[in-house]
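Peer 1: Prediction below, plus the sequence it came from.
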Amino acid sequence: MTVSLLNAIANGDSTHSARHLAQSWFMTDNKGRRLTRTEFLREVQLLGPGQWGSLRLSGWHLVGTPSVAVISYTIDEETDYHGEQVKTRLRSTDTYIRENGRWQMLASHISTLPTSTRTRRLPRRLRRHLRV
């Protein structure tokens, strides 16, 4: 389920994501924001023209009971922003509950992992595309 949710996010598909998130779901994102289900689903959208991205999962760790599961994993995110490649590594922890025979995500937390990547200044020709 986690892989299909991340694929839906990468493809801007909030409908698929909504089916798997509990009504009371919330997340803390890698910017420190706490988002409700409604706020998060509003942000799920396709990348704009000149951009593409992919998400790859690894390093799974799962614990649980018959009605609760907690999964932690690494996300390798790769984005091409008008020809400039950006790579980010994230750690995500999701909590699932099983109610009425169905698994739903109850909460998520995402943190950006430190990398040894050198910071680069975005070329001037691309800065005009930023929404600030």
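Peer 2: Perfect, thanks for sending it. Residues are numbered from 1 along each chain as shown.
Peer 1: Which of the three states applies to Leu122?
Peer 2: Following DSSP: H, G, I helix; E, B strand; the rest coil, the label given to Leu122 is coil.
Peer 1: Which strand residues bridge the closest residue to it other than its chain neighbours?
Peer 2: Leaving out its chain neighbours, the residue that sits closest to Leu122 by C-beta to C-beta, 6 or more residues apart in numbering is Glu84, at 6.8 Å. For every residue, glycine as well, the C-beta is placed using N, CA and C. Assessed by DSSP bridges, Glu84 has beta-bridge partners Tyr81.
Peer 1: Tell me who's in contact with Glu84.
Peer 2: By C-beta atoms under 8 Å, 6 or more residues apart in numbering, the contact set of Glu84 is 122-123, 126.
Peer 1: That one and Pro49: what is the separation?
Peer 2: 15 Å (C-beta to C-beta, to the nearest Å).
Peer 1: same check, this time on Arg98
Peer 2: As judged by C-beta to C-beta, Arg98 and Pro49 stand 41 Å apart.
Peer 1: Same question for Arg42.
Peer 2: Counting by C-beta to C-beta - Arg42 and Pro49 are separated by 21 Å.
Peer 1: Tell me which of these two has more neighbours.
Peer 2: Arg42 (11 against 7; other C-beta atoms under 10 Å).
Peer 1: Nearest residue to that one in space, ignoring adjacent ones along the chain?
Peer 2: Spatial nearest neighbour of Arg42, chain neighbours left out: Ser14 (7.8 Å); criterion: C-beta to C-beta, 6+ apart.
Peer 1: Look at that neighbour and report its pLDDT.
Peer 2: pLDDT recorded at Ser14 is 71.
Peer 1: And for it, the neighbour number?
Peer 2: Neighbour tally, Ser14, other C-beta under 10 Å: 16.
Peer 1: Verify the contact between it and Arg37 for me.
Peer 2: No - Ser14 is beyond contact range of Arg37, at 10.3 Å (criterion: C-beta atoms under 8 Å).
Peer 1: Need the contacts of Glu84 in JSON lines (columns: distance to Phe26, neighbour count and pLDDT).
Peer 2: Formatted as JSON lines, the contacts of Glu84 follow (distance: C-beta to C-beta, whole Å; neighbours: other C-beta atoms under 10 Å; pLDDT from 0 to 100):
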{"residue": "Leu122", "distance to Phe26": "32", "neighbour count": "13", "pLDDT": "72"}
{"residue": "Pro123", "distance to Phe26": "37", "neighbour count": "10", "pLDDT": "74"}
{"residue": "Leu126", "distance to Phe26": "33", "neighbour count": "13", "pLDDT": "71"}
